[in-house]
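> Need a 3D model of the following:
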Amino acid sequence: MLLKEKEAAESLKKTGALNAECIERIYDRCSPRLTYEDKLCIISTRIYENIWGLGSIDALRSMKIDGISGGVSGENFVWIFFKGVSVALPFMKMEEEEVERICRLLGRCSKSGQLSESRGYQVGDMTDRARVVVARPPFAEMWTFFIRKFDTAEIKTLKGLITDEGADLPVKLLDYCMKGAVACAVTGIQGSGKTTMLCAMVESIPAEYTLRVLEMAFELHLRDVYPKRNIVTIRETACVSGQEGLDLLKKTDGTVSIIGEVASAPVAALMIESGQVGTLFTLFTHHARTTEALVSSLRNCLLREGLFRAEDVAEQQVVSVVRLNVHLHRDRKGHRYIESITEIIPEKCGSRFFRENELIRYEDGKYRLINLISPSLETDMKKWMTKEERRCFDESLALWKMEKERSVCGL
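Got it, this is the predicted structure:
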């Protein structure tokens, strides 16, 4: 790397921002010579951006980044989300009037009506299927927008997504879990890659299984990623509730239910209901930080919805549906990985009605086997596997058992 590029990278590392000096140094190094056509193109682009377009972020929208946000800092400069890291662009400042104009323009992406004082936020999607969230006063402190891009052009497989040392261990386990119809929660903080991981896990679901998807906003786009699969996706609207949508999906011969994000009590109740009587098994994402927090959150949602009055009964319902927690993490440098994979065993354990069986843990840059899956889960998984899949599963279990015995012996 050249010295000037190192300086720019060091500035980004220290401040979390690409300032004007960084851009100028890179520009000087490249020393571009603009032709008359180049200048004409720049001027016409600027005119379009300032009148009809999204201002200075128009050019960023077409770049290969994860997202853009504005109105999120006191000085009103743009932020981008790139490879799991938020980067400030102080040289791209916008006046408050410009932020408001962009928010109103982005608000048209929503099909839920006008962005008004009475309804201070909107969620929608753009033509390239990027998710848009806008908020305005008095609901929000100031006009704010978030654009999150989801790249469906390149299919992410489990092998392509999980790449650290020992990756074969979680890749095989998740593959067997999908073939064995195990209900899974994919958890983690925002930006940890939950949607991408869920999309990759779908590849391992048997091709004959039909998929029925419920989302708040279209984000997975599984029909584009897997065009030859039987997939129907719906979302809540101002006129159709999630409950109505789920009731409809029950009448569409679905085998697997996928819920894009369980972020509210009603959706959590729908997920548990779907896992009990709707389909063979369910996949969903959640923002829980631990397996215990996941179960507690889902239990409290059931209580809040009035479906149960006793905590113990509600908790038993949750752990009877959710069998596996795939917890993701994103470190400060933007590296995404599976922090742990934990089996949830319905079993009285002290004051709780479940026991955590941690199967895989990420330590020191490597995936390590901690425990084997329980005999009950192994039996349930084999019920749904073909003869060849069971053979491969048994071979992997035997290898994992030997590995576990060696680790216990300190070999």
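> Give me the buried positions along the lengthiest strand in the chain.
The strand that spans the most residues within the chain, counting by DSSP state E, is strand 336-349. By neighbour count on 16 or more other CB atoms under 10 Å, the buried set for strand 336-349 is 336, 337, 338, 339, 340, 341, 342, 343, 344, 345, 346. Using the backbone N, CA and C atoms, a C-beta is placed for each residue, glycine as well.
> I'd like to know which elements it is packed against.
Applying 3 or more CB pairs under 8 Å, 6 or more residues apart in numbering; DSSP states H and E, one finds that strand 336-349 contacts helix 168-179, helix 291-304, helix 311-321, strand 324-330, strand 352-363, helix 375-382.
> same thing but at 7 Å, please
helix 168-179, helix 291-304, helix 311-321, strand 324-330, strand 352-363 (3 or more CB pairs under 7 Å, 6 or more residues apart in numbering; DSSP states H and E).
> closest one to residue 131 among those?
strand 324-330 (18.0 Å; CB to CB).
> got the angle between the closest one and helix 291-304?
With axes from the mean of the first three to the mean of the last three CA atoms, to 10 degrees applied, the angle from strand 324-330 to helix 291-304 works out at 110 degrees.
> in strand 324-330, what's buried?
Within strand 324-330, judged by 16+ other CB under 10 Å, the buried ones are 324, 325, 326, 327, 328, 329, 330.
> now the last one, nearest residue through space, not along the chain?
Nearest non-adjacent residue to residue 330, counting by CB to CB, 6 or more residues apart in numbering: residue 192, 4.3 Å away.
> and the one you found, how many residues sit next to it?
Neighbours of residue 192 under the rule other CB atoms under 10 Å: 23.
> and what of the one 10 residues further on?
Burial of residue 202, expressed as a neighbour count using other CB under 10 Å, amounts to 20.
> The nearest residue to it once chain neighbours are set aside: what's it in contact with?
Spatial nearest neighbour of residue 202, chain neighbours left out: residue 222 (6.1 Å); criterion: CB to CB, 6+ apart. By CB atoms under 7 Å, 6 or more residues apart in numbering, the contact set of residue 222 is 199, 202, 211, 213, 231, 233.
> What segments of the stretch 1-150 of the chain are helices?
Secondary structure of the stretch 1-150 of the chain (DSSP state H, counting those that start in this stretch): helices at 3-15, 20-30, 36-51, 58-61, 96-107.
> What ranges in the stretch 201-350 of the chain fall below the confidence cut-off?
Across the stretch 201-350 of the chain, the ranges flagged by pLDDT under 70 are 278.
> thinking again about what came up before, what angle separates the longest strand of the chain from helix 311-321?
130 degrees.
> and strand 336-349, which strands flank it?
strand 324-330 (antiparallel), strand 352-363 (antiparallel) (DSSP bridges).
> Which stretches in the stretch 151-300 of the chain count as helices?
158-161, 168-179, 194-202, 222-225, 242-249, 265-273, 291-304.
> How many residues are close by residue 48?
12.
> Wait, residue 262 touches residue 288, no?
No: Residue 262 is not in contact with residue 288 according to CB atoms under 7 Å; the separation is 9.3 Å.
> ok so, going back, how about the helices of the stretch 151-300 of the chain, which one is nearest residue 17?
Among the helices of the stretch 151-300 of the chain, helix 194-202 comes nearest to residue 17, with 26.1 Å by CB to CB.
> and that closest one, what does it pack onto?
With contacts taken as 3+ CB pairs under 7 Å, 6+ apart, helix 194-202 sits against helix 158-161, strand 184-187, helix 222-225, strand 281-286, strand 324-330.
> and the first one, how far out from the chain's middle?
Going by CA atoms, centre = their mean, to the nearest Å, the spacing between the C-alpha centre of helix 158-161 and its chain's C-alpha centre is 15 Å.
> Good, we can wrap up now.
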